[in-house]
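Student: Quick check, what structure comes out for this input:
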Amino acid sequence: MPRPQVVAVAEHSPAERSGVLPGDELRSMNGQVPRDVIEYQLLADEATVDLEVVRGGIELELTVVKQAGEPLGLEVSAAIFDRVRTCDNHCEFCFIYQLPKGMRRSLYLKDDDYRLSFLYGNFTTLTRFTEVDLERVVDQHLSPLYVSIHATDPDVRSRMLRNRRGAVSLRWLRCLLDEGIEVHGQVVVCPGLNDGAVLHQTLAGMLDRFPELVTAAVVPLGVSRYSNEPAMRPHSTLEARAAVAAVEEWQQRFTRAVGRRVVWASDEYYLLAGLPLPEASEYDGFPQHENGVGIVRAFEQAFEAGATARSGQGAVPGRTGFFAWVEGAPAEGYRAPRTTGVSLLARPQARSRNQPVTILTGAYGEQVLRGVLDRGGFEGVRVLAVRNDFFGGNIAVAGLITGEDLSRTLAEEPEAGRYLLPDVCLSKGRFIDGRSVDDISHRVEVVPTDGASLRRALESTR
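Tutor: Down below sits the predicted model:
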């Protein structure tokens with residue numbers, strides 16, 4: 001089994017005092033071989049931690065003495081030390097199948113690992129979940145977990161996952177809820193497959209069989225030009241409106257039955273349908289924010305809060321799971337804190353009061369930003385949508401802006417002025433197509449993707 005490597009040691013930490021060095025391979029902790037960062041953290045919490053490490057081919061034994069619960073002070077090379085449990089579904093709508101060839105290898109990894117669900121908030125279908133997994137989740141209370149439901153009808157679900165186990169794997173969801181595990185769900189809606197009457201049936205099934213679900217998001221299918229599935233197509237406006245109506249109807253039924261809305265339609269549905277978004281108060285604290293539910297209202301709320309947001313109030317609470325507090329692994333993953341590797345200072349640029357300012361975003365962002373800026377008194381700020389020709393199809397979110405498309409868009413723009421780019425489209429300083437900000441001909445300023453940060457960036461030249 002692969003062993004974790006130490007990539008960083010905190011200065012003055014117990015680990016540093018005990019002689020642990022970057023590059024050391026952790027063989028065991030208190031005689032146990034941790035399979036993942038979850039077990040690593042449980043072992044690292046002990047007051048005395050006996051480490052077996054390999055350094056330059058030499059085995060060493062080190063003992064760390066500290067207060068119980070005190071951070072060990074290490075960062076290790078991965079969150080999962082044994083093999084990631086890969087997905088054996090073959091969903092028609094899976095976006096990984098819609099990626100072009102030649103991109104970085106990590107983008108093609110399909111996981112269906114409940115540990116990554118707990119660590120990062122990745123959604124799992126539970127088709128590879130076992131009794132042993134359930135026992136561990138319950139014993140270590142690995143909560144919350146995130147489950148892809150898609151349909152509660154067994155035949156529809158197995159067809160969507162292209163996996164016979166998909167017809168019965170939701171029994172594990174029932175088991176998790178019975179054991180008091182907090183679970184959040186999602187339904188990816190594919191037109192002609194699980195929309196319409198099937199969507200109503202799914203929401204009814206969730207209320208009937210899984211009323212303890214904390215939240216569930218209903219999101220539309222994303223289709224890139226690389227999809228080889230002829231049955232997969234974007235929603236029409238009427239289909240989007242029908243989906244929103246179904247969700248709002250079942251929100252009322254959930255509220256009457258369990259006292260909570262439970263289910264929400266993503267912002268993308270409202271934009272597709274041309275319908276006004278619900279008010280911020282109707283999102284109950286934005287629990288599905290990272291799944292595209294309530295992101296517009298949360299952005300507006302933070303932007304309009306102004307000084308309040310700058311003092312740390314009025315911000316959307318992050319649901320980054322285990323990595324909100326754990327030491328010992330890098331911040332990678334769906335809900336983990338973003339590490340773009342690029343800061344405003346990395347691309348220095350002279351600023352003046354007369355410089356034109358342009359916000360770069362996706363087509364959906366363009367639809368909502370103009371109103372936010374006008375209400376905030378920033379009428380002179382320009383919003384420029386970057387058309388996603390790289391993926392094509394109906395891909396219009398800012399998070400999938402590529403370096404190639406950004407370069408094409410800026411080639412037609414003057415170099416003078418400030419260009420603000422949301423960091424959501426970057427991971428470790430690179431776009432999804434592998435290009436970096438340094439590859440862009442124009443100077444761009446990378447700004448955290450929240451309303452308060454954008455407001456600060458805009459006010460810096462006032």
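
Student: Quick check: buried residues in the one helix or strand residue 199 maps to?
Tutor: When elements are defined using DSSP states H and E, residue 199 is found to belong to helix 196-209. The neighbour-count check on helix 196-209 (16 or more other CB atoms under 10 Å) flags 198, 199, 202, 203, 206, 207 as buried. (C-beta placed from N, C-alpha, C; glycine too.)

Student: what do you get for stretch 422-433?
Tutor: Those would be 422, 423, 424, 425, 426, 427, 429, 430, 431, 432, 433, for stretch 422-433 by 16+ other CB under 10 Å.

Student: show me what contacts residue 382?
Tutor: For residue 382, the contacting residues are 356, 357, 358, 359, by CB atoms under 8 Å, 6 or more residues apart in numbering.

Student: Next, give phi and psi for it.
Tutor: According to degrees, to the nearest 10, the main-chain angles of residue 382 amount to phi -90, psi 140.

Student: ok so, going back, compare the contacts of residue 382 and tell me which has the most neighbours.
Tutor: residue 359 (25 neighbours; other CB atoms under 10 Å).

Student: Name whatever forms a beta bridge with that residue.
Tutor: Taking DSSP bridges as the rule, residue 359 bridges to residue 383, residue 420.

Student: contacting residues for it?
Tutor: 369, 373, 381, 382, 383, 384, 420, 454.

Student: Can you tell me which of those comes closest to residue 444?
Tutor: Closest approach to residue 444 among those (CB to CB): residue 420, at 7.3 Å.

Student: Would you confirm that the closest one contacts residue 455?
Tutor: No: the pair residue 420 and residue 455 does not pass the contact test of CB atoms under 8 Å, sitting 11.2 Å apart.

Student: ok so, going back, now, which of the buried residues of helix 196-209 sits nearest residue 408?
Tutor: Each of the buried residues of helix 196-209 was scored against residue 408 by CB to CB, and residue 199 proved nearest at 37.2 Å.

Student: and the next helix or strand after the helix holding residue 199 with helix 196-209, angle?
Tutor: Downstream of helix 196-209, the next assigned helix or strand under DSSP H and E is strand 215-220. Relative orientation of strand 215-220 and helix 196-209, computed by axes from the mean of the first three to the mean of the last three CA atoms, to 10 degrees: 170 degrees.

Student: Which elements pack onto strand 215-220?
Tutor: The elements that strand 215-220 packs onto, with contact taken as 3 or more CB pairs under 8 Å, 6 or more residues apart in numbering; DSSP states H and E, are strand 183-189, helix 237-258, strand 263-265, helix 267-273.

Student: Could you export it as PDB, CA atoms only?
Tutor: The C-alpha trace of strand 215-220 is given here as PDB (Å, rounded to 0.1, in the frame of the first residue of the first chain):
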ATOM      1  CA  THR A 215     -30.900  19.000   1.800                       C
ATOM      2  CA  ALA A 216     -31.200  18.000  -1.800                       C
ATOM      3  CA  ALA A 217     -30.200  20.000  -4.900                       C
ATOM      4  CA  VAL A 218     -31.900  19.600  -8.300                       C
ATOM      5  CA  VAL A 219     -29.400  20.600 -11.000                       C
ATOM      6  CA  PRO A 220     -29.700  20.500 -14.800                       C
END
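
Student: show me where the stretch 301-450 of the chain has helices.
Tutor: 307-310, 363-375, 403-410 (DSSP state H, counting those that start in this stretch).

Student: Tell me which of these approaches residue 86 most closely.
Tutor: Put simply, out of the helices of the stretch 301-450 of the chain the one that sits nearest residue 86 is helix 403-410, at 28.2 Å, with distance taken as CB to CB.

Student: Contacts for that closest one, please.
Tutor: Judged by CB under 8 Å, 6+ apart, the contacts made with helix 403-410 from elsewhere in the structure are 360, 384, 386-390, 419, 421, 430-431, 433-436, 439-442, 444.

Student: repeat that with 7 Å
Tutor: When contacts are defined by CB atoms under 7 Å, 6 or more residues apart in numbering, helix 403-410 is touched by residues 360, 384, 386-390, 419, 431, 433, 435, 439-442.

Student: Residue 453 reaches residue 447, doesn't it?
Tutor: Yes: taking contacts as CB atoms under 7 Å, residue 453 lies within contact range of residue 447: 5.4 Å.

Student: What subset of the contacts of residue 359 is buried?
Tutor: If you count burial by 16+ other CB under 10 Å, the buried members of the contacts of residue 359 come out as 369, 373, 381, 383, 384, 420, 454.

Student: which of those residues sit farthest apart?
Tutor: With distance counted by CB to CB, no two of the buried ones among the contacts of residue 359 lie farther apart than 384 and 454, which are 14.2 Å apart.

Student: Surely residue 358 touches residue 414?
Tutor: No: if you go by CB under 7 Å, residue 358 and residue 414 don't touch, sitting 9.6 Å apart.
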